[in-house]
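**Q** predicted model follows, preceded by the sequence.
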Amino acid sequence: MAGEFYDYMTGLIITGMIFTAAVIVVPNLSYVNLLYVDQQQLRNVALETLKAMLLDTGCPVDWGLKNPFNEGDIQRFGLAYARSDSYYVLDPDKVQRLDNKNKYGYVNYSTMRDLLNLKNYGFSLSIIPTFNVAVSEPRDLIPPDLWIEVKVSRHDGRPLANAAVHTTFLYSIENETTGEVLVKSEVVPAVFTDLLGTCEVETLVYPPVGWQIKDVIAVLRVTVADIATVVAVYQSINDPKGIVEIWRVGDNVTVTIPTANPWLQPNETDWVSSVVAYYGHEDISALYAGGRNNTDKLNTGWGSDFKNWTRTFPGLEASDPGLLIFVIDCVLKGEFINAPSSTLEGTWSNPAYAYASDNRYGTTATDGATQQYGNYGFSIPPESTINKVEVGFEAYTDGDENIGITCSWDGGTTWAKEYTSKTLPTSDPNTLTWSSFNSPGGWTVDKLSDAKFRIQVKGVKTGGQMSTIYLDWIPVRVRYVPPGGGGRRPVLVAGPSPSRMGFRVLNYGGTPRGTTARIQRNVIISGMTYIAEMILWKESL
């Protein structure tokens with residue numbers, strides 16, 4: 001009887017243990033399964049959403065080109081390039097619409113969620129280079145010996161050996177006499193990374209006689225197994241992101257400089273001197289040759305927060321360059337280019353028309369006729385050292401006349417040795433010719449005050465009959481070293497969306513949280529390969 005009782009109790013205990021274990025294990029198994037199902041569901045949604053974004057052109061198919069842009073006009077979202085028959089080729093105009101700093105307009109995160117039917121989900125989209133390209137300190141780009149060390153690695157830090165590094169050095173040069181700024185290039189033969197993923201690139205560049213190299217940019221096209229990325233390395237700016245922004249939509253290009261910017265100096269004026277299109281290592285084309293005309297100046301726009309410059313280049317969208325290289329010619333910290341605001345003694349007709357380059361002209365048809373200009377309004381710190389004073393003129397003639405120019409530093413009592421130009425052109429050159437002037441004992445801030453400083457121009461006959469001389473502009477350029485030093489120069493920047501360590505790096509959307517799914521795909525933009533990465537998560541209801 002006792003044995004049966006113990007058997008019964010043992011069976012009861014074992015049954016209780018099995019039951020208890022089942023109660024504990026089954027919920028755990030259910031949670032793991034549910035977690036797996038939840039992650040798999042997220043992954044499926046992320047995969048289908050990313051594929052839709054990258055393979056669909058959207059509707060309308062050219063929604064990224066619309067200008068003015070209204071995100072409400074997008075009926076279906078997609079980033080694919082309508083002009084390509086290949087998969088995963090993205091439209092650069094649409095990609096740029098994902099940047100909330102795009103001055104041409106952008107797609108808000110909430111709008112994109114609605115278009116993708118992701119009401120209960122949050123997501124982020126990143127477009128980054130397929131591998132990392134690190135470059136040595138850009139201050140090593142010191143002419144004539146241009147040298148950089150390059151390291152190519154995977155995103156996890158492992159080095160990439162045998163990567164082909166194709167380098168193009170572009171540099172701005174300035175004419176010491178006229179102040180004209182041009183851009184030149186030097187193509188370096190390809191070099192390959194070693195087992196540590198490193199290589200050195202070096203070349204020598206020399207400017208023409210009478211010119212000085214002002215800034216250098218190195219554009220690197222790095223190729224690994226037929227996958228290429230582009231990196232721009234700057235000498236004068238560590239990273240232009242947030243300092244100079246470049247936007248391209250279709251054939252339209254805009255350069256913006258935020259006015260609340262430590263890079264800018266008081267009274268600074270900026271011009272776009274040149275624009276070059278980079279299509280590949282040995283395929284570079286000049287798009288624009290500017291100068292220091294009013295049409296080249298960056299003007300305040302989009303409120304008072306930005307200075308901007310906009311141009312249309314027919315055919316730019318169709319050619320789709322990988323990079324646009326801009327020479328931004330900036331007034332030095334310690335440089336003024338000022339125009340007069342008063343006419344003093346003289347007999348020229350309409351002399352005030354020479355206050356600005358606006359195709360209105362002060363004129364004379366009398367040999368030896370003079371006209372004085374003053375009130376240039378230089379606001380130079382009193383203790384500054386004046387390095388150079390130059391007078392520029394934009395003028396032409398109906399015949400073969402010259403123009404004479406001089407300046408005074410004591411209200412017209414004493415004048416500098418007169419400069420006589422070469423034969424003037426027979427149409428408006430739309431460029432300035434500069435002449436430097438000296439003052440006994442050197443220039444001082446006091447000598448440049450409105451009370452003392454003035455310019456005089458004179459018509460000079462060279463033939464038997466005096467023809468009319470037309471003067472469009474008569475500015476003065478003063479270069480000086482302010483107390484404590486300082487300086488600026490023409491600089492080069494690349495875009496759209498410049499970055500020292502890459503090109504078109506984009507981070508869009510929300511901040512990941514909770515359980516997430518991560519999907520990546522290789523994409524092509526403007527002939528370069530990038531990684532498009534989507535992270536998806538569920539939002540709290």
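**A** Structure received. Keep in mind that what you see is a predicted model, and the values were worked out from it rather than measured. Numbering: from 1, shown residues only.

**Q** which regions of the stretch 251-400 of the chain sit below the pLDDT cut-off?
**A** Applying pLDDT under 70 to the stretch 251-400 of the chain flags the ranges 260-268, 292, 300-304, 330-334.

**Q** for it, what spans make up the strands?
**A** For the stretch 251-400 of the chain, strands defined by DSSP state E, counting those that start in this stretch occupy the ranges 252-258, 270-280, 283-289, 299-301, 306-312, 323-330, 335-338, 342-346, 362-364, 370-374, 385-397.

**Q** buried deepest among those strands, which one?
**A** strand 323-330 (a mean of 25; mean count of other CB atoms under 10 Å). C-beta here means a position set from N, CA and C on the backbone, and glycine is covered the same way.

**Q** does anything pack onto it? Which helices or strands?
**A** Helices and strands touching strand 323-330, by 3 or more CB pairs under 8 Å, 6 or more residues apart in numbering; DSSP states H and E, are strand 164-175, strand 181-192, strand 211-224, strand 245-249, strand 252-258, strand 270-280, strand 491-495.

**Q** so for Ala82, which of the strands of the stretch 251-400 of the chain sits nearest?
**A** Nearest to Ala82 among the strands of the stretch 251-400 of the chain is strand 252-258 (18.2 Å), distances taken as CB to CB.

**Q** which neighbouring elements make contact with the closest one?
**A** strand 245-249, strand 270-280, strand 306-312, strand 323-330.

**Q** strand partners of the last one, parallel vs antiparallel please.
**A** Read that as strand 323-330. Counting by DSSP bridges, the strands paired with strand 323-330 are strand 270-280 (antiparallel), strand 491-495 (antiparallel).

**Q** among the helices and strands packed on strand 323-330, show the one with the smallest mean pLDDT.
**A** Among those, strand 491-495 has the lowest mean pLDDT, at a mean of 71.

**Q** off-centre distance for that strand?
**A** Remark: strand 491-495 is offset 5 Å from the chain centroid, using CA atoms, centre = their mean, to the nearest Å.

**Q** for stretch 61-78, same thing?
**A** 24 Å.

**Q** report the rounded mean pLDDT for that stretch.
**A** Stretch 61-78 comes out at a mean pLDDT of 91.

**Q** then stretch 470-485?
**A** Averaging pLDDT along stretch 470-485 yields 82.

**Q** determine which stretch of the helices and strands packed on strand 323-330 is the most buried.
**A** Among the helices and strands packed on strand 323-330, ranked by average contacts under mean count of other CB under 10 Å, first place goes to strand 491-495 (a mean of 25).

**Q** okay, the angle between it and strand 181-192?
**A** 60 degrees (axes from the mean of the first three to the mean of the last three CA atoms, to 10 degrees).

**Q** now what about strand 491-495, what contacts it?
**A** Applying CB atoms under 8 Å, 6 or more residues apart in numbering, the contact partners of strand 491-495 are 170-172, 183, 214-217, 219, 232, 234, 236-237, 240, 244-248, 255, 278, 323-328, 330, 503.

**Q** what packs against the one helix or strand Val152 maps to?
**A** Secondary structure from DSSP states H and E places Val152 in strand 145-153. Strand 145-153 is packed against strand 132-135, strand 164-175, strand 198-204, strand 211-224, with contacts defined by 3+ CB pairs under 8 Å, 6+ apart.

**Q** so where do the strands sit in the stretch 401-541 of the chain?
**A** In the stretch 401-541 of the chain, the segments counted as strands under DSSP E, counting those that start in this stretch are 402-408, 419-420, 433-437, 454-460, 469-473, 476-481, 491-495, 498-499, 502-503, 506-509, 516-525, 528-538.

**Q** and the angle for the fifth one with strand 370-374?
**A** Using the same axes, to 10 degrees, the inter-axis angle of strand 469-473 relative to strand 370-374 is 10 degrees.

**Q** where does the prediction get shaky in the stretch 401-541 of the chain?
**A** Within the stretch 401-541 of the chain, the segments meeting pLDDT under 70 span 481-490, 495-505, 540-541.

**Q** now the helices and strands packed on strand 145-153 in JSON lines, with distance to Ser124?
**A** Below are those laid out as JSON lines (distance: least, CB to CB, whole Å):
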{"stretch": "strand 132-135", "distance to Ser124": "20"}
{"stretch": "strand 164-175", "distance to Ser124": "31"}
{"stretch": "strand 198-204", "distance to Ser124": "32"}
{"stretch": "strand 211-224", "distance to Ser124": "26"}
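
**Q** which one of those lies closest to Ala532?
**A** Among these, strand 132-135 comes nearest to Ala532, with 16.7 Å by CB to CB.

**Q** give me the sheet partners of the closest one and which way each runs.
**A** strand 145-153 (antiparallel).

**Q** got the contact list for the strand it pairs with?
**A** With CB under 8 Å, 6+ apart, strand 145-153 has contacts from 131-136, 138, 140-141, 159-160, 163, 165, 167, 169, 186, 193, 196-205, 216, 218, 220, 222, 224, 233.

**Q** how far away is Ser421 from Tyr508?
**A** According to CB to CB, to the nearest Å, Ser421 stands 56 Å off from Tyr508.

**Q** of these two, give the one with the bigger neighbour count.
**A** Tyr508 (19 against 15; other CB atoms under 10 Å).

**Q** let me see the contact set for the more buried one.
**A** Leu98, Asp99, Tyr109, Ser124, Leu125, Ser126.

**Q** picking that back up, closest one to Ser341 among the helices and strands packed on strand 252-258?
**A** The closest of these to Ser341 is strand 270-280. By CB to CB, the value is 21.2 Å.

**Q** with only the CA atoms kept, save the closest one in CSV.
**A** Output of strand 270-280 as CSV, limited to C-alpha atoms (Å, rounded to 0.1, in the frame of the first residue of the first chain):
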residue,chain,number,x,y,z
ASP,A,270,32.5,87.0,-54.0
TRP,A,271,32.5,86.2,-57.7
VAL,A,272,32.3,83.0,-59.7
SER,A,273,35.3,83.2,-61.9
SER,A,274,35.2,79.9,-63.7
VAL,A,275,33.1,76.7,-63.8
VAL,A,276,34.6,73.4,-65.0
ALA,A,277,32.7,70.1,-65.6
TYR,A,278,34.4,66.9,-64.4
TYR,A,279,33.2,63.8,-66.3
GLY,A,280,36.2,61.6,-65.6
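
**Q** run the angle between it and strand 164-175 for me.
**A** 150 degrees.

**Q** return the distance of strand 270-280 from the chain's centre.
**A** Its chain's C-alpha centre and that of strand 270-280 lie 9 Å apart, by CA atoms, centre = their mean.

**Q** now the angle from it to strand 245-249?
**A** Using the same axes, to 10 degrees: strand 270-280 against strand 245-249 is 60 degrees.

**Q** ok so, going back, can I get the strands paired with strand 323-330 in TSV including distance to Trp309?
**A** Shown next, in TSV, are the strands paired with strand 323-330 (distance: least, CB to CB, whole Å):
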stretch	distance to Trp309
strand 270-280	5
strand 491-495	12
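
**Q** nearest to Val457, of those strands?
**A** Minimum separation from Val457 across the strands paired with strand 323-330 (CB to CB) falls at strand 270-280, 24.2 Å.

**Q** all set, thanks.
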